[in-house]
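Visitor: what's the 3D shape of this:
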Amino acid sequence: MKKSLIKNAYILFGKELQIVQNGSILISEHGTIEDVFTSKRSPEKKGNTINNSVNKDNKIDIIDAEGFILLPGLINSHVHIGDSIGKDVSASSELNQRIHPQYGIKKTILKRTPSSQLMQMIRNAAMSMLHKGITTFVDFREGGLEGINLIQNAVENIPIKKIILGRIDFNMNYENTNTTIGFLKNGKDIGSKSKTLGNPNLIEENDIINQGSKIIENCDGFGISGANENTDEMLWRYNKIIMKYEQEQEQTELKSHRKDPVVAIHAAEAETAVMESVKKYNKTEIERTINTLNPDIYIHVTNPSKSDLQLLYQNKKKIVICPRANGVLGTGFVPIRKMLEYNFELGIGTDNVMLNSPDMFREMDFLIKSQRAVEKNTGFLDAKKVLKMATVNGGKIFNSNIGSIEKGFQADLLFIDKYDLDLYPIHDPHMSIVHRCTERQLKAVMIDGNFVLEKTSIR
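Guide: As a prediction, the model looks like this:
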């Protein structure tokens, strides 16, 4: 791969998505952004990295981006693409009936669908995301190690970045919906006295540790279902697995091969889940999980208590919200105003493909309009903040050099037609992208400096 220079571009630059008109982006042979130039600092000017002689020596590809807005690739920070086979099944059913990991309709569908068909649906969802400008997705993978292998094989030849968070799954029969996962330690049951999710066969602790260790070696971390589906002891086991893995990584000679696994959990999604946790444990889901699991990231947080938000802030936790999923499941609106007052790092996810199309443009549009309606305030929730949630913040949350157009970051770029009938004339670029942009205006997608999707000739 040669170096590339994108010129004459309208760029949303850096972590603040600053508007740069007539800018240029220099991309290295390795697909990283080597430099960003404004009109005042042209790459053709003497003293800069590139000059005309470089192009004459055919050492660089020139891409003319006149007429396009360049923004960072969208990051879908929470999605379940394995359930793509069940789009809109039982669309009017309540949350647990549809997606509960042990007895919901989703579990039945996944169990009865052949792997080959599931793989095809996963591929379809990944391609759909790519066509909608999503360059990285974070999948919360059910099915243990088998589920991880399934998605890795399914998207192997699709040029989209993936962050896979697995979970321990013993494929038990959960006929009794009033019981929780427990396990045996030295032959004694140390599961919850008040069981919550069904456990016909108690599990040896070593089995949990062994399976969890294999999972963490083959993915990017743990993406755990709701706290109510796990005893305190089970959450401690997850923590123990992570600490064991990190200790082993410290002893690894090749530092470049080390990774910091991510731990995320669903919490405070519905009021009923919060009430269930308080009733059984005398603690909210967030209180329980901070004390036992201590995850990096919380998903949903749609119905937190005031003390929950204080706890999350004090413990420097990150949050990924899923506005449209909350809407379709009727769980409420995320308390964005309070979260912004705490200055949380907020990301956005589209959640289950069973519930929603994996479309971040629609997610941003729904978020800004619904929150302004809730607040009864036309100036609430600045569009730039929303766009940052879908790009810059996603990169920060998952500790990756993605989500921003700046030096040292991966060249994951979207080319938006600024003269499209629905966009032109553009008076507020951030607002236009957040509430007017769709798949149609997206003309090309670049990942790591390579065009992976071109709907029109750009080069």
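Visitor: hey, where'd the helices end up in the stretch 301-450 of the chain?
Guide: 306-314, 323-329, 336-341, 360-375, 383-390, 392-397, 429-435 (DSSP state H, counting those that start in this stretch).
Visitor: no, scratch that, I was asking about the stretch 101-250 of the chain
Guide: 105-112, 115-131, 144-154, 205-217, 232-250.
Visitor: which outside residues touch stretch 442-452?
Guide: 1, 4, 27-28, 30-32, 68, 73, 130-133, 135, 159-161, 410-417, 453-456, 458-459 (Cβ atoms under 8 Å, 6 or more residues apart in numbering). Where C-beta positions appear, they are placed from N, C-alpha and C, glycine not excepted.
Visitor: return the subset of those lying in strands.
Guide: 4, 27, 68, 135, 161, 413, 414, 415, 416, 417, 453, 454 (DSSP state E).
Visitor: just the closest of these to residue 148, please.
Guide: residue 161 (15.9 Å; Cβ to Cβ).
Visitor: what about that closest one, distance to residue 137?
Guide: Residue 161 is 7 Å from residue 137, where distance means Cβ to Cβ, to the nearest Å.
Visitor: do residue 240 as well
Guide: Taking Cβ to Cβ, one finds residue 240 at 29 Å from residue 137.
Visitor: and those two? Which one has more around it.
Guide: Using other Cβ atoms under 10 Å as the criterion, residue 240 and residue 137 rank with residue 137 on top: 27 against 15.
Visitor: quick check: nearest residue in space to that one, chain neighbours excluded?
Guide: residue 76 (4.3 Å; Cβ to Cβ, 6 or more residues apart in numbering).
Visitor: give the rounded mean pLDDT of the helix or strand where the one you found lies.
Guide: Taking DSSP states H and E as the criterion, the element that holds residue 76 is strand 74-80. The average pLDDT for strand 74-80 rounds to 97.
Visitor: pull out the buried residues from stretch 279-294.
Guide: Within stretch 279-294, the residues that count as buried by 16 or more other Cβ atoms under 10 Å are 280, 281, 283, 284, 285, 286, 287, 288, 289, 290, 292, 293.
Visitor: redo these as TSV? Include secondary structure.
Guide: As requested, these are exported to TSV (DSSP: H, G, I helix; E, B strand; the rest coil):
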residue	secondary structure
280	helix
281	helix
283	coil
284	coil
285	helix
286	helix
287	helix
288	helix
289	helix
290	helix
292	helix
293	coil
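Visitor: what is the nearest of those residues to residue 326?
Guide: For these, the nearest to residue 326 is residue 285 (15.7 Å; Cβ to Cβ).
Visitor: can you pull the pLDDT of that closest one?
Guide: So, for residue 285, pLDDT stands at 97.
Visitor: do the same with residue 109
Guide: 73.
Visitor: verify the stated contact: it with residue 85.
Guide: Yes: using Cβ atoms under 8 Å, residue 109 makes contact with residue 85 at a distance of 6.0 Å.
Visitor: of those two, who's got more company?
Guide: Taking other Cβ under 10 Å, residue 109 and residue 85 do not tie; residue 85 has more neighbours (21 against 16).
Visitor: any idea how far that one is from residue 434?
Guide: For residue 85, the distance to residue 434 equals 31 Å [Cβ to Cβ].
Visitor: same check, this time on residue 300
Guide: From residue 300 to residue 434 the distance is 21 Å (Cβ to Cβ).
Visitor: more crowded one of those two?
Guide: Comparing residue 300 with residue 434 by other Cβ under 10 Å, the one with more neighbours is residue 300, at 28 against 25.
Visitor: number of residues surrounding the residue lying closest to that one once chain neighbours are set aside?
Guide: Ranked by Cβ to Cβ, 6+ apart and with sequence neighbours excluded, the top spatial neighbour of residue 300 is residue 269, at 4.0 Å. Using other Cβ under 10 Å, residue 269 is surrounded by 24 other residues.
Visitor: shouldn't residue 269 be in contact with residue 303?
Guide: Yes: using Cβ under 8 Å, residue 269 makes contact with residue 303 at a distance of 7.2 Å.
Visitor: who's in contact with residue 286?
Guide: Applying Cβ under 8 Å, 6+ apart, the residues contacting residue 286 are 267, 268, 298, 301, 304, 305, 308, 311, 312.
Visitor: which among the contacts of stretch 442-452 end up buried?
Guide: 4, 27-28, 31-32, 68, 73, 130, 132-133, 135, 160-161, 410-417, 453, 458.
Visitor: show me the contacts for the residue nearest the centre of the chain.
Guide: Among the residues of the chain, residue 77 comes closest to the average C-alpha position under Cα atoms, centre = their mean, at 1.2 Å. Contacts for residue 77 were tallied using Cβ under 8 Å, 6+ apart; they are 138, 320, 347, 348, 349, 394, 397, 398.
Visitor: what about 10 Å?
Guide: If a contact means Cβ atoms under 10 Å, 6 or more residues apart in numbering, then residue 77 has 136-138, 163, 264, 297, 299, 318-322, 346-350, 360, 389-390, 393-395, 397-398, 403 as its contacts.
Visitor: follow-up on the earlier one: would you list the helices of the stretch 301-450 of the chain in CSV and tack on mean pLDDT and distance to residue 273?
Guide: Converted to CSV, the helices of the stretch 301-450 of the chain look like this (pLDDT from 0 to 100; distance: least, Cβ to Cβ, whole Å):
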stretch, mean pLDDT, distance to residue 273
helix 306-314, 97, 12
helix 323-329, 94, 11
helix 336-341, 96, 19
helix 360-375, 97, 21
helix 383-390, 98, 23
helix 392-397, 98, 22
helix 429-435, 98, 30
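Visitor: what would these look like in CSV with distance to residue 222?
Guide: Formatted as CSV, the helices of the stretch 301-450 of the chain follow (distance: least, Cβ to Cβ, whole Å):
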stretch, distance to residue 222
helix 306-314, 18
helix 323-329, 20
helix 336-341, 23
helix 360-375, 24
helix 383-390, 23
helix 392-397, 15
helix 429-435, 32
